[in-house]
Each structure stands twice: as C-alpha cells, then as structure tokens.
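Trainee: Give me coordinates for this.
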Amino acid sequence: MAADSEPESEVFEITDFTTASEWERFISKVEEVLNDWKLIGNSLGKPLEKGIFTSGTWEEKSDEISFADFKFSVTHHYLVQDSTDKEGKDEILEDVIPQSMQDLLCMNNDFPPRAHCLVRWYGLREFVVIAPAANHDAVLSESKCNLLLSSVSVALGNTGCQVPLFVQIHHKWRRMYVGECQGHGVRTDFEMVHLRKVPNQYTHLSGLLDIFKSKIGCPLTPLPPVSIAIRFTYVLQDWQQYFWPQQPPDIDALVGGEVGGLEFGKLPFGACEDPISELHLATTWPHLTEGIIVDNDVYSDLDPIQAPHWSVRVRKADNPQCLLGDFVTEFFKICRRKESTDEILGRSTFEEEGREIADITHALSKLTEPAPVPIHKLSVSNMVHTAKKKIRKHRGVEESPLNNDVLNTILLFLFPDAASEKPLDGSSSTDNNNPLSESEEYNLYNQFKSAPSDSLTYKLALCLCMINFYHGGLKGVAHLWQEFVLEMRFRWENNFLIPGLASGPPDLRCCLLHQKLQMLNCCIERKKARDEGRKTNTSDMYPGDAGKAGDQLGPDNLKDTDKEKGEVGKSWDSWSDSEEEFFECLSDTEELKGNGQESGKKGGPREMANLKPEGRLHQHGKLTLLHNGEPLYIPVTQEPAPMTEDLLEEQSEVLAKLGTSAEGAHLRARMQSACLLSDMESFKAANPGCFLEDFVRWYSPRDYIEEEVIDEKGNVVLKGELSARMKIPSNMWVEAWETAKPIPARRQRRLFDDTREAEKVLHYLAVQKPADLARHLLPCVIHAAVLKVKEEENLENISSVKKIIKQIITHSSKVLHFPNPEDKKLEEIIHQITNVEAIIARARSLKAKFGIEKCEQEEEKEDLERFVSCLLEQPEVLVVGAGRGHAGKIIHKLFVNAQRLTESSDEAAAMAPPEEELKRMSSPEERRQNSVSDFPPPAGRELILRTTVPRPAPYSRALPQRMYSVLTKEDFRLAGAFSSDTSFF
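Mentor: Coordinates of the predicted model:
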C-alpha cells in the first residue's frame, strides 16, 4: 500500500486557466437573463403619446443572480405596448439608433407626475436595473462600481441587447444609478451626480448650460441649439384663511336640555384636522431655446404667472384624524377588554337593598315578612334615582361615570314613552314597513345582521358609542348598560312594553341582542294579556263568560288588550308566587297521569258532548261537526313559543342527540308535537263531541279527502275520510288526540313560559361584559357608519366613493353574517369606512378653498367642480388657461395671501380678504411689478436640456444628448445621458 501511494505524492498541482472566474460567471448569468426575457435585437415602437407614462400600464419582471456570494436582483421595467407594435420585433434594423436613444429627445412626457425615477430623469419606456437584493446591502467602492459597469458593457455587447441596463450604486435612499445602452455603432452612457448642497453657479439655467456644453464637448463651432424644458414647483402650506369646513362638535349641547336627546341618534362626521396639507403648483415652460430666455444669478425671465402650463397636485395629510373613524375604532377596542361590569364599577350593583343590613339574624324575617309591592310611576327620574342609590353604596358620588344630565338625556332618547306618566299608545312596536326602512336600508340591516335603524338596539349602539368616546369611556359604557338592564327588569315587572321593537317573534335576521330584547317584549305582552284576562275573569264570575275571557287571550286579540290599558301598575295576580301561576306550571308526569284518568272516566265523545263549550274564537264558515251537525268553532289557541337563534341551536342539538333509533325518533316526535296537543285540547273544549276528522278538517284540510259517491237512494253525496298517513296505526296525531283533554287555552299548561323565559333573558343581559356587548352591537355601529357615509356622499356626489361604499357593503355582509367574525376583518371594514370619510373630507376642504359655493356663474362653478373632482382622483391636474383660467386665478390668489401673511407685519394687511387682493392687482402692469413677491421661492427647480450633436469627433454621427437637473432645498441631482459614435471616433 505504501508503494502504491508514493507516486501520488509526486503529482504536482495544475492550475486550469480555462475555467470561468466569478466575474465571467456573473456576465454569463446576466446574458442568460436577457436572453430569457427576449431583450435581444432592436424593435421600434410607435412614438410615445402625451401622458402615456402616467395613464399607461407599467409592468416588471424580476430574477435573482449572484456575483460570488453577493446577491443581486435584476428587474425589467417596461411600458405595456399594443400588440400591433410587437409584430416587427424580429426585424433588426441596422442603421436605426436604439429606441431608448430616440426616447431621450421625446418631449411629450417631460415631468410625469407618477413614474419610476429613471423614467422621469431619462424619459425611457423600457430599462433593466441590477441592484443589491438585500435592502441593507450597497455597492460603495469605486472599483466595485467599475467592475459592475464592465460586466454590463460586456453582457450588452455579447447579446446585442439594445435596452438600457442600469446598476444601482451607493445606499438605496440616494437613488444613484449608472448604466449603458448599446446599439449598432453607437453607445449611450448614463451618469449621475448627487449632492446635498448645490454650488451657487448651478442654481440657474446659465450655469447648467455651461456644464452640459462642457460635458458633450462638441467640436463644432456653431453649436447646435439646445432645447430647454423648465418646471418650477411652488408649495402652498399656509391655509389660514381657507379653513376646511368642519364644525367641531358641541359636547355641552349634546347632553344639555337645549338640543335634546335626538342628538344621540346622530353620528359625527368629518376630519379633525385639514385633510389637505399642501398644494403643489407646477409652472412649466415646455419648449424653450437657449437664446429666448435669460436666467442667471442676477436676473430671470421665468415668471410663474407667464408660464404657459400650470398643473396642480395636492398632498393629502397622512391618516387624518376623522371623527366617524375614531368613534367606530374606539368602540371596537372595547371588544378586546376582558373586565366584567362588576369589576369595572366596583362590587355588584345588582344587589338587593336588603344587603345593607349587616346582621344575619334579619335574613329570615326579611324572607317571611310581607313586603309591600312597589308600584312606581314610569319616569326617568325615579328609575335613575333607584339605580344611582345602589351605585353610591360602594362609590362616592363624584366617582359615578355618568352624571344625571347625561343619563337622563340618554334614557329619554332610548325610552321616549318614559317622558309621560302613561306609556304612549303604540310605542311598543315599530311597524316593519315604516318609512325609514326603505328597501335599501332594510337590505342593509338584513345583510349586516344588525337591527333596523329606528330600533332600540340600534339607538343603544349609537349611545354607547358616544358615551365611550365623550363621557367616561369603558366605565361609562358599563354604567349605561347596567342602567339599561335595570330598566328592562323594571319594565318586565311592571308590564311596560319596550319601545322601538317590532312586534311578533324575534327576527332571526337581526343580531342576537335585538332578538333577546324582542323575546323579552313577547314575554311582557303575554304576561300583560294574561293579567288583564284574569281581571276580567274576577269581575265576571259567571261560567258562561269564561269563553269571552278566553277569547281575549287569543293571538289576534293580544294587541287589543294592549290598547285597553288601565291604571299603570302591577297586579297581585302577576307575581310568580300566586296560586294561579303555580297551577299553570304542572309537571309533565302529573299532566299525563291526569289525562289518562280523565279519558278513562269519560269514555268517549258522547259523554264529552255534555260538556259546555269553552274558548271559542268564532265559527268556521259553514262547516259542521260530522256526527252531531253542530257548527264547527275555531278555538282560541296558544301561540307557539317564540325562539331566538341560540335557543333554536340548543333545541336542534338536543334533538340531534336523541339519535336515529325508533325510541329516539318517537321521543323527538313527541317533543315536537307539544303545540299540536295544545291545539287539540283547545279544539275539544270549543267543540264538545268532536272527532279527529273534525279537527283535521280545520287544522290540515289536505289530510281529509272528500269524494262524490251515490248512496242507496241514488243521490250524489260527499263522503269524506282521513288521508293514508292519518290511518297509519299509532301515528302521532291519533296518539295525541286520544291523550288530549277538553281544556281551553287559558287553563292549559303554557307552551311558552314567559316568566321563565323573561328571567333567562334578564340574566343573559345582566351577565354580559362590555366586550360581549360591543361584539353584539358592532354590526349596528358599522351599519350606522355606512348609512352616515352614504348620506354624506350623496351631498358631494363623488363617483369613486360610490364604488368604495358598494365594496364595503359587500365585504361587511360576508364578514358580519357569521357568528364570530375575525378581528382583522373587522379592522379592515373600519379602515375602509375611515378612508371614505377622509376622501369626502378632502373634497369638502378643496371645495371650500376654491370657493365653489360662492361662484355666481354656472359655467365657472362647473369648471371648478370638475377641477376639484380631478384633483381627488388624479395625481396631477392640468389647469386650463394656466394663470388666466378660473382655477388659475384662485390658485394665484391663494399664494398671494400666503405671501402677504408671511412678509407683512401689518395685521390688517395680512388679514385682507382675497377679493380685495385680486382687485388691487387687477391690471397686468401692477401684477407684473408685484409678481416677484406673489409666489415664494420655488421648492423645486427641474430642467431638461436636449440637443443632437456628433460625438466624439466632428465627423461622428449626430446623436441625442440629454441632461436632467433637479434642485430642491436639500438635494441637487444631475442625470446625464451622453451618446457617442463607436464606429467613427
């Protein structure tokens, strides 16, 4: 083995110089990317149209390459051309200079308002940029810059690519690029200078012309003319005399007696600061030549008033504070709080007053001694006093989150019927077809799963929003909610219907809290009707009047009993410990046992026919009972129990858990037939001696089949029988009919135990944390915000806002329809609403600044409105007529007043109205004399110098040369594109 290894040790290392270096590999990768993107050869597009850089579509492709371990990203930026322009792409034209060189001289797109910086500086429609891939990486040393430029030059030469290729050097914030473009026998070098401080000799046109001429070094003695384009940008920041039209909210008026509680139904709107921070006026001289204009360190002909082109852009305030957005955002923040109402307000404020007695020996006597029934008058002051007394037990008066004035105003707004001693008739419900609920608004609350805009739930959401923002924050919300729950219990115990809720069962299209309040109202209605029915019974003790008393309990007559309200108060009969209340709540086993004994004793319908009819509503047309020919009466029946969506969900879970077995199915059917059994008992009581066939004819006519038959005497008679499903042995209908006793609805066990359900609702309300409450009511708040935005938009008529509002509604309906929407999605909706509010506020601010409302001439008003709407939607707007047009005069006026305020120490002169300024400067001579001070020094000076000269020799080909210059307060940049002939030099 040792002998074998000796020859290997004698092998010397061979360096293979034919392998590619890192530099060569980098060039190869650049060439590969250019080939993949098909950027080889020369294809000429059509001349660039005016404004195409802004209105056209820009696209980009990216790839990643590396030089050793240093990563670069290669990006191809290009203006999307029509497909017709690409038909001749394969033709390589030998004598034509590259497209990018021709674009250097194009004057149609100087100073584009929104474009890549290289597009603005060089006027290119297509280019490739190689830049360090990581943001923190930078090419800083001169040797590395030269190495990259050499790589670019070699890659362009090898591939024949005629698209300009740039390399980004220095730190990214400096936007420094160097690059190259190659064609057949021609080359353009892109160079750049970036300084923080500008040398004095280069602040004007004459100094920049000197740089340009010395750089191109034209050997010709009569130098070809240099084409000049100049733009000066003036910034207006002082809006003192042109405030935005936003009235600050009068907080005192909102809670005082002057304005009234109706103010609580309105949401605020508008910006708290001017949403337009600056106005930028760009004055442009697009086509000048060297000899026409004078601009040096001593004198300048560049007067902005005389500029042929004016264009304006507005700078919007970054995230302006908007009232509506803040309202909704602050309310949404409550959703993330975890404290309960008791934790926020101290110890439990729902304690009974009996807790004040510390001695435990009084506990039993408190339970046994008869307590007087409190019969309060329905007034806000009484309710507030009772609640406030409970709060003050644990906290000082000064610590109470809401003072009496605020609380009274809110409660009067929420419960307008409490203002009078007697509840208003019809205050219990709002008709579903009320005028406020137009089809669109109706669809909104249906889509958002919120509540109608005139409902108590909706008003409560707005009040909580305002309390959270203006009066006490989270503590105020907890306090108001506690007062609200106390009011709900007060109304339940005293039979006062809750105003602002639609009558009938809970509307499952609304939020759960709204359904709970509707459920409580149903309970109050039932209890009230039952109590009034008992009063009638006790006054008329005759058995024959029992049916009449029962009639008043029918579903159709509940509303009538509501209208016949007597003395406001609480009857002894309505207390849960009364005998009649206890009698109605029989257990299921007792009732079934009683039913069996009764039916066993009575034997059949013949004996039942001797019973007196009870609980009749009215006669059913001409129908008669089949066996005794008596008229068939429709009975007074119990209404089915109303259900909220959470109860329905619980019920469906219970029924699902019963399984699919025969026993489970039978039990499920029995649970679902409670209402059927009740109706059968009512029918038997109203129609003594009836049979199942009689009941089916009324209850389910399709299950009673009648046929014409010929009897023994030859007469045609109708013969009826039950349907096939009714004849199935031991079916649910037959079983229920056999079990049913003749008991009128008023004496049956209640299908809907309003006492228990009301207590469940009140407990549910009492245990809600402010966070839970905010989640329940957030759809109502978003609903209100969308309606407010739509209302404000209708006044302004902004087309772009209409589209955004439609998007918000579509998005919200998807998000809010689910039980627990994600916080992130809710934040998106609120952010969209805030953006719309800011756009409308900007529109109003601009309209106020341009004095559109004061315009007397219709034509001028239309022009200005069009101008303002363009300012909102476009990055830059051309001023028709420049300084002499309608908008131009107003802009000039704005600058004049701003200058007067800064230059003049005389306050009277500073506050002179703009109309007087315009009159004072009405003549052209005066305006010309004062024009120096009409505008501040330009914030930005941009110049583009162009010419076509032979370089580097007199006999070289004449090629385009271009230099762009921009001078601002803290920045000076020169970007030059200098072409030279590589064939004849």
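Trainee: Need the residue closest to the centroid of this protein.
Mentor: Centroid-nearest residue in the chain: I829, 3.0 Å away (criterion: Cα atoms, centre = their mean).
Trainee: gap between the helix or strand hosting that residue and the chain center?
Mentor: Assigned by DSSP states H and E, I829 falls within helix 823-849. Offset of helix 823-849 from its chain centre (Cα atoms, centre = their mean, to the nearest Å): 9 Å.
Trainee: got the buried residues for the next helix or strand after that helix?
Mentor: Going down the chain from helix 823-849, the next helix or strand is helix 858-873, by DSSP H and E. The neighbour-count check on helix 858-873 (16 or more other Cβ atoms under 10 Å) flags E860, K861, D863, L864, E865, F867, V868, S869, L871, L872 as buried. Glycine gets a C-beta too; all of them are placed from N, C-alpha and C.
Trainee: quick one: contacts of stretch 874-892?
Mentor: 54, 113-114, 279, 281-283, 304-313, 850-851, 860, 863-864, 867, 870-871, 918, 934 (Cβ atoms under 8 Å, 6 or more residues apart in numbering).
Trainee: Wasn't E707 part of a strand?
Mentor: Yes - counting by DSSP: H, G, I helix; E, B strand; the rest coil, E707 falls inside a strand.
Trainee: Who are the contact partners of it?
Mentor: Neighbour list for E707: L718, K719, G720 [criterion: Cβ under 8 Å, 6+ apart].
Trainee: any idea how far it lies from P268?
Mentor: As judged by Cβ to Cβ, to the nearest Å, E707 and P268 stand 72 Å apart.
Trainee: What helix or strand is F72 located in?
Mentor: Going by DSSP H and E, F72 is in strand 70-79.
Trainee: Sheet-wise, list the partners of that strand with their directions.
Mentor: Here strand 70-79 has these sheet partners by DSSP bridges: strand 58-67 (antiparallel), strand 126-132 (antiparallel).
Trainee: Which secondary structure elements does the helix or strand that the shortest one is followed by sit against?
Mentor: To tie it back to what came earlier, the one meant is strand 126-132. Following strand 126-132 in sequence order, the next helix or strand is helix 142-159 (DSSP H and E). Counting contacts by 3 or more Cβ pairs under 8 Å, 6 or more residues apart in numbering; DSSP states H and E, helix 142-159 is packed against helix 22-36, strand 165-169, strand 176-182.
Trainee: Show me the one of these that comes nearest P642.
Mentor: Closest approach to P642 among the helices and strands packed on helix 142-159 is made by helix 22-36 (69.2 Å; Cβ to Cβ).
Trainee: packing partners for that closest one?
Mentor: Packing partners of helix 22-36 (3+ Cβ pairs under 8 Å, 6+ apart): strand 58-67, helix 142-159.
Trainee: If you average the pLDDT over the shortest one, what comes out?
Mentor: Looking back up the chat, that one is strand 58-67. Per-region confidence: strand 58-67 scores 92 on mean pLDDT.
Trainee: Over to the longest one?
Mentor: Predicted confidence along helix 142-159 averages 92 (mean pLDDT).
Trainee: can you pull up the bridge partners for F190?
Mentor: Beta-bridge partners, per DSSP bridges, of F190: G179, A977.
Trainee: State the number of residues packed around it.
Mentor: 25 (other Cβ atoms under 10 Å).
Trainee: cool, and R702?
Mentor: R702: 7 neighbours (other Cβ under 10 Å).
Trainee: Look up the closest residue to it, ignoring the ones flanking it.
Mentor: Of all residues not flanking R702 in the chain, S723 sits nearest, at 7.3 Å (Cβ to Cβ, 6 or more residues apart in numbering).
Trainee: how distant is the helix or strand just after the strand holding F72 from the center of its chain?
Mentor: Moving toward the C-terminus from strand 70-79, the next helix or strand (DSSP H and E) is helix 99-103. Distance, stretch centre to chain centre, for helix 99-103: 47 Å (Cα atoms, centre = their mean).
Trainee: And stretch 404-418, by the same measure?
Mentor: Worked out by Cα atoms, centre = their mean, stretch 404-418 lies 30 Å from the chain centre.
Trainee: Repeat that for stretch 323-340.
Mentor: Distance, centroid of stretch 323-340 to centroid of chain: 15 Å (Cα atoms, centre = their mean).
Trainee: Skipping adjacent residues, who's closest to P47 in space?
Mentor: P47 sits nearest to C106 (Cβ to Cβ, 6+ apart), 7.0 Å away.
Trainee: what does T947 give?
Mentor: V226 (4.8 Å).
Trainee: Tell me who's in contact with the closest residue to E60 other than its chain neighbours.
Mentor: The shortest distance from E60 to any non-neighbouring residue, by Cβ to Cβ, 6+ apart, is to H77 (5.0 Å). If you count contacts by Cβ under 8 Å, 6+ apart, H77 has them with W58, E59, E60, H116, L118, V119, E126, F127, V128, V129.
Trainee: could you redo the last one with a cut-off of 7 Å?
Mentor: Counting by Cβ atoms under 7 Å, 6 or more residues apart in numbering, H77 makes contact with W58, E60, H116, F127, V129.
Trainee: That one bridge partners, please.
Mentor: In beta-bridge terms (that is, DSSP bridges), H77 pairs with E60, F127.
Trainee: Could you tell me the per-residue confidence at it?
Mentor: 94.
Trainee: re the thing from before, just the buried ones among the contacts of stretch 874-892, please.
Mentor: 54, 113, 279, 281-283, 304-305, 307, 310-313, 850, 860, 863-864, 867, 871, 918, 934.
Trainee: average model confidence for stretch 26-33?
Mentor: Mean predicted lDDT for stretch 26-33 stands at 92.
Trainee: tell me the contacts of P506?
Mentor: Counted by Cβ under 7 Å, 6+ apart, P506 has contacts Q515, Q518, M519, P642, M643, T644.
Trainee: quick one: which of the residues you listed is nearest to F413?
Mentor: Q518 (19.8 Å).
Trainee: and the closest one, how far is that from S455?
Mentor: Distance from Q518 to S455, by Cβ to Cβ: 9 Å.
Trainee: which residues are common contacts for these two?
Mentor: L501.
Trainee: where along the stretch 551-700 of the chain do the helices fall?
Mentor: 558-563, 579-584, 588-602, 605-608, 645-657, 662-672, 674-686, 692-699 (DSSP state H, counting those that start in this stretch).
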